[in-house]
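*Asks:* Attaching a predicted model along with its sequence, questions to come.
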Amino acid sequence: MGTAPPTEPWSNYTQKTIDGWLAIDPSFAVYQGAHQFDGKLPDWSAEGLKKRGDFLRGVIDGAKAYSTLEGKEKFERDYMIKVAEGQLFMLEEADQPHRNPAFYVGGGLDPNVYIAREYADKPTRMKAMIAFFDGVPDAAANIRANLKGPLPATYIKYGVAGFGGFADAYVSDARAAFADVKDPALQQQLIASSDKASKAMADLRDWLKGQEATATQDFALGPDKFAKMVLANEGVDIPLDQLEAIGRADLKRNQDALKAECAKFAPGGTVPECMTKMNANKGAGGPVATATRQIPTLTAFVKEKDLVSIPGTEQALVRESPPYNRQNSAYIDPPGPFEKGIPSVYYISPPDPTWSPEKQAAYIPGERDLLFTSIHEVMPGHFLNFLHANRSPSMFGRLFVGYAFAEGWAHYTEEMMWEAGLGNGDPETHIGQLSNALLRDCRFISAIGLHARGMSVADSKKLFMEECFQDEGTADQQAARGTYDPAYLNYTMGKLMIRKLRDDWSATRGGRAAWKAFHDEFLSYGGPPVPLVRQAMMKEETAKAVF
């Protein structure tokens, strides 16, 4: 029996779908600036998870029924289907709610949007946070009911750190942020609600810690599911052997470039000694102060070289990462499309205080290494991507900026800035860029290795240290991350697809002279799977991954 053709215009269907998406994932809605959902948490009960799966299936079926669309409407339909397919895969086939604490740690338990985003006055945000805290005990009970042991050791460690970090943040950072609100009744409510929320997270942390005795190494998706994840989320339909060969070729390209630059920068030394020399040149005042100085310099360079448009007047601030969110060295928190005039915050993580002094010192990035992290996170990376995405003609494009698009773009800009002349050929600067590129190459190879090739966490750590020349602390973090974030190959995978698209698109438009036009058009789409953007920009019949 065929599906009846839709009777309402595509624009109406899109708006209804967006409204439904925001309602079923209120944490996502709040993060996007839809503050009518303030204080609400996702429904992680068995019924709530089923409802989410049914909603995503309905989105896919409903959008597919619009089979005669053309142009921008057809593009938006295909974009919507891919986002829903990707989320449905992670929800049900990867079974993240029952397997992976990362589904929850990154899925709505962070109060930072109320603490750090000044979208309303403090009493208004404080009331929203109290409502949020009131919902945490039920959320924690659902998480505990959902997570099925035995769990992988890396998942347990990540969850213990995440839930434990929230337990602390709820009664420290959250209260401190509103300590100057002169309303005794509200202060009492905040103390009571944050105490209960903190206890719920501490109990969840302790319960998860109790799973350590039965911890496993059973984190792998397996080759079939891994390939399906890449297709469902990013539209990349390439055999894993071929995909792995692409990653290994990029690894060799960057290793060869690094050896050549190290011969100039540290003649007679080994590559690890060269990397140690680069990393020893720390910025004055620490990473936060150094990154704060780097952003205006990078912005001026982008303007001087006319690389890409910088819309709007929004700012990016630099802060130290909160203690509950330090599993990666740096990240940015950009405001969503419904916010107005809110700055982005670029967070940089200090080393783990439990590490040895030597391991801590090695973890703090050298100034040139940090320069390319600042490019990636701010200018012209994520921050600029979101300035453009928040102005996309498509509201769907503003809201749903995908993993390989966002991380691919940010990683692409690192090498693009070097190619455009940043550093004027200075070997140390190039080594900083290559260090970041190699980190992402080892993510690419580790993702496939850990989930489809039987690679162990120890094997992955060794790869990061020996093939990509990363310090031990970074290698520890990144090998563990690959188990619970199997899609972190998207940095290099996205970058390589964007580079190829740029070269193919600009070949008939003046080459290097067309870079700005390419960048502006590429960013105008919001954040769909890169093969969809290729199809649109190259006017091709089908969406396909080309490297």
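*Replies:* Nice, thanks for sending it over.
*Asks:* how about residue 139, what does it touch?
*Replies:* Contacts for residue 139 (Cβ atoms under 8 Å, 6 or more residues apart in numbering) come out as 41-42, 44, 104, 108-109, 200. (Each C-beta comes from the backbone N, C-alpha and C, glycine too.)
*Asks:* redo that, cut-off 10 Å
*Replies:* Contact partners of residue 139, counting by Cβ atoms under 10 Å, 6 or more residues apart in numbering, are 27, 41-45, 104, 107-109, 132, 197, 200-201, 204.
*Asks:* same check, this time on residue 21
*Replies:* By Cβ under 10 Å, 6+ apart, the contact set of residue 21 is 28-29, 32, 52, 55-56, 59, 80, 83-84, 87, 396, 399-400.
*Asks:* Report the helix or strand with the lowest average pLDDT across this structure.
*Replies:* The weakest-scoring helix or strand in the chain, judged by mean pLDDT, DSSP states H and E, is helix 357-363 (a mean of 90).
*Asks:* counting contacts, what elements does the very next helix or strand once past that one pack onto?
*Replies:* The first helix or strand that comes after helix 357-363 along the chain, using DSSP states H and E, is helix 367-377. Secondary-structure packing of helix 367-377 (3 or more Cβ pairs under 10 Å, 6 or more residues apart in numbering; DSSP states H and E): helix 271-280, helix 287-305, strand 316-320, strand 330-333, strand 344-348, helix 382-389, helix 403-419, helix 427-452.
*Asks:* Show me the one of those that comes nearest residue 153.
*Replies:* With Cβ to Cβ as the measure, helix 427-452 is the member of the helices and strands packed on helix 367-377 nearest residue 153 (13.1 Å).
*Asks:* between that closest one and helix 271-280, how many degrees?
*Replies:* For helix 427-452 against helix 271-280, the angle by axes from the mean of the first three to the mean of the last three Cα atoms, to 10 degrees is 110 degrees.
*Asks:* helices and strands around the helix or strand just after helix 427-452, which ones?
*Replies:* Following helix 427-452 in sequence order, the next helix or strand is helix 457-466 (DSSP H and E). Using 3+ Cβ pairs under 10 Å, 6+ apart, the elements in contact with helix 457-466 are helix 427-452, helix 472-484.
*Asks:* Out of the ones you listed, which is the most enclosed?
*Replies:* Stretch with highest mean neighbour count among these: helix 427-452 (a mean of 25; mean count of other Cβ atoms under 10 Å).
*Asks:* Now do stretch 278-295: distance from first to last residue.
*Replies:* Distance between the two ends of stretch 278-295: 20 Å, counting by Cα to Cα, to the nearest Å.
*Asks:* what about it, average pLDDT?
*Replies:* Mean pLDDT, computed over stretch 278-295, is 96.
*Asks:* quick one: it to chain centroid distance?
*Replies:* 23 Å (Cα atoms, centre = their mean, to the nearest Å).
*Asks:* Can you list the buried residues in that stretch?
*Replies:* 278-279, 282-283, 287-288, 290-292, 294-295 (16 or more other Cβ atoms under 10 Å).
*Asks:* ok now stretch 111-125, how far from the chain's centre?
*Replies:* Here stretch 111-125 shows a centroid-to-chain-centroid distance of 22 Å under the convention Cα atoms, centre = their mean.
*Asks:* Only C-alpha atoms, please: export it in PDB.
*Replies:* C-alpha atoms of stretch 111-125 as PDB (Å, rounded to 0.1, in the frame of the first residue of the first chain):
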ATOM      1  CA  PRO A 111      23.600  23.500  33.200                       C
ATOM      2  CA  ASN A 112      26.200  25.700  31.500                       C
ATOM      3  CA  VAL A 113      23.600  27.300  29.200                       C
ATOM      4  CA  TYR A 114      21.900  28.800  32.300                       C
ATOM      5  CA  ILE A 115      25.200  29.700  34.000                       C
ATOM      6  CA  ALA A 116      27.300  31.200  31.200                       C
ATOM      7  CA  ARG A 117      24.800  32.400  28.500                       C
ATOM      8  CA  GLU A 118      23.400  35.800  29.400                       C
ATOM      9  CA  TYR A 119      20.300  35.400  27.300                       C
ATOM     10  CA  ALA A 120      18.100  36.800  30.200                       C
ATOM     11  CA  ASP A 121      18.500  38.400  33.600                       C
ATOM     12  CA  LYS A 122      19.900  36.300  36.400                       C
ATOM     13  CA  PRO A 123      16.600  35.700  38.300                       C
ATOM     14  CA  THR A 124      15.000  34.400  35.100                       C
ATOM     15  CA  ARG A 125      17.900  32.000  34.300                       C
END
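*Asks:* Many thanks, I have nothing further to ask.
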